[in-house]
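Asks: Fold the following for me, if possible:
(4 chains)
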Number of protein chains: 2
Amino acid sequence: MSTRSEIIRIGDELIRDKGYNAFSFYDIAKALGIKNASIHYHFPTKVALGIAVLDEQMAALEALIEKGVQKEPLDKLKDFFSIYIKIEAEGKICIVGSLASDLHTLDVLLAAKLKEFANRTLEWVTDIVKEGHEKGVFRLSSTPRDKALMIITNMLASLQLTRLTGGQDFNTIKDTIIKELKA
Amino acid sequence: MSTRSEIIRIGDELIRDKGYNAFSFYDIAKALGIKNASIHYHFPTKVALGIAVLDEQMAALEALIEKGVQKEPLDKLKDFFSIYIKIEAEGKICIVGSLASDLHTLDVLLAAKLKEFANRTLEWVTDIVKEGHEKGVFRLSSTPRDKALMIITNMLASLQLTRLTGGQDFNTIKDTIIKELKA
DNA sequence: ATTTGCCTATCTACTACATGGTAGGTACAT
DNA sequence: ATGTACCTACCATGTAGTAGATAGGCAAAT
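Replies: Sure, this is the predicted structure:
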């Protein structure tokens, strides 16, 4: 765990906890017990750090997809859910939801990475839904892409809403998605 | 349209376009052709403005609810959708989604208002779903509250995602919700 | 073996700027 | 003459980012 990777890790957590525009290099420096300027040694600009955070997330996503290629559709879907279960346990939100809110303030490079990440996620879930439908284990009343969008938006926003409505809303949503999907 | 209400209107737009932490009093002053300090005359602090924005949204919500009390459940639901249709046309996101992302940076008073607003919305949609189910026009495979949560999260996040995935995703999601609901 | 020199990672100290907020004044209408 | 709505001018703070110094490690050249 190099300083560089620690900076990325903390930057990621801060984005998902407070939002891109609400965290500063000082927040990271303080957490690591180093000085503000040392962050700039590893990442010349805040945008560079943001891009590194997204690159890391993208790599993790690809790894998760790769790990599950041979699994059954329902288990693939559970892999997808596992991302949000972890985030929910942290009391944070997902990086797409966080950065999407700040979209119109983001550097064009960062915005492009974000779009790439969101579309890759959508592509993955669409494939899962499609496969499940073709194998006859998922019941669909719309196109795979539509259903994937519904599932992703349910997950993404339930992380944001659960922090407002309190309770177990995140978990009931997750369970209802599976229940409604099962053929 | 007093200056005060104009400030609220622009503040609201800025929050839903750039996020609470990314807009400044200067943005509003510039838009109105007045000076920074004049905003402080109407709203002593940024938090006070944020609260006024939420109060206004809450009043609009109550008015929309009131206007539709005698409508059929499906039409009530369409009233609910109309909120998001308008926002989508603006290329912005909803205020709950925007502020929820910034939750951990918000003043405690503002956070409380936000929770109130989110819960009032959830209550309304839950009632609509429940009524539709009781009247036999909506088909449910979960509790009214669960279904309401699914619908709200679909809407909330599709505004955020549509800005990333481009196309007509918002509209297809909206149509699919209605299709899946109809008994 | 020691020197030379570069690379890494950090530091102190600084700049330029934007921010939210304040103080006090002015023009004007009721 | 009192309140409204705005102004100019200012302040304190926090921000991203820069410049230049230091200290240690490593490796090739002397």
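Asks: Please identify the buried residues of the longest helix along chain A?
Replies: The longest helix of chain A (DSSP state H) is helix A:108-134. The neighbour-count check on helix A:108-134 (16 or more other CB atoms under 10 Å in any protein chain shown) flags A:110-111, A:113-115, A:117-118, A:121-122, A:124-133 as buried. Using the backbone N, CA and C atoms, a C-beta is placed for each residue, glycine as well.
Asks: cool, stretch A:32-39 as well?
Replies: A:Ile34, A:Ile39.
Asks: Can you confirm whether that stretch lies near DNA strand D?
Replies: Yes. Applying CB under 7 Å from any atom of the strand, one finds that stretch A:32-39 is in contact with DNA strand D at A:Asn36, A:Ala37.
Asks: For the helix or strand in which A:Asp27 is found, the averaged confidence score.
Replies: Taking DSSP states H and E as the criterion, A:Asp27 maps to helix A:25-32. Mean per-residue pLDDT for helix A:25-32: 93.
Asks: CA atoms of it as CSV?
Replies: What follows is helix A:25-32, C-alpha atoms only, in CSV (Å, rounded to 0.1, in the frame of the first residue of the first chain):
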residue,chain,number,x,y,z
PHE,A,25,-6.2,17.9,-0.9
TYR,A,26,-5.9,18.9,2.8
ASP,A,27,-8.5,16.2,3.8
ILE,A,28,-6.3,13.6,2.2
ALA,A,29,-3.0,15.0,3.6
LYS,A,30,-4.5,15.1,7.1
ALA,A,31,-5.7,11.5,6.8
LEU,A,32,-2.2,10.4,5.7
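Asks: can you list contacts of it?
Replies: By CB atoms under 8 Å, 6 or more residues apart in numbering or on different chains, the surrounding residues in contact with helix A:25-32 are A:Thr3, A:Glu6, A:Ile7, A:Ile10, A:Gly11, A:Leu14, A:Lys35, A:Asn36, A:Ser38, A:Ile39, A:His40, A:Lys46.
Asks: picking up where we left off before, the longest helix of chain A close to chain B?
Replies: Yes. Using CB under 8 Å from any CB of the partner chain, helix A:108-134 reaches chain B at A:Leu114, A:Lys115, A:Ala118, A:Asn119, A:Leu122.
Asks: same question, stretch A:2-15
Replies: No. Figure legend: stretch A:2-15 not in contact with chain B (CB under 8 Å from any CB); closest approach 9.8 Å.
Asks: Check stretch A:78-89 too.
Replies: No. Counting by CB under 8 Å from any CB, chain B has no neighbours in stretch A:78-89; the shortest distance is 11.6 Å.
Asks: Pull out the buried positions in that stretch.
Replies: Counting neighbours by 16+ other CB under 10 Å, stretch A:78-89 gives A:Asp79, A:Phe80, A:Phe81, A:Ile83, A:Tyr84, A:Ile87, A:Glu88 as buried.
Asks: What mean pLDDT does it get?
Replies: Stretch A:78-89 comes out at a mean pLDDT of 97.
Asks: Outside of that stretch itself, list whatever touches it.
Replies: Residues from elsewhere that reach stretch A:78-89 (CB under 8 Å, 6+ apart): A:16, A:64, A:67-68, A:71, A:93-94, A:124-125, A:128, A:151, A:155-156, A:158-159, A:162, A:170, A:174.
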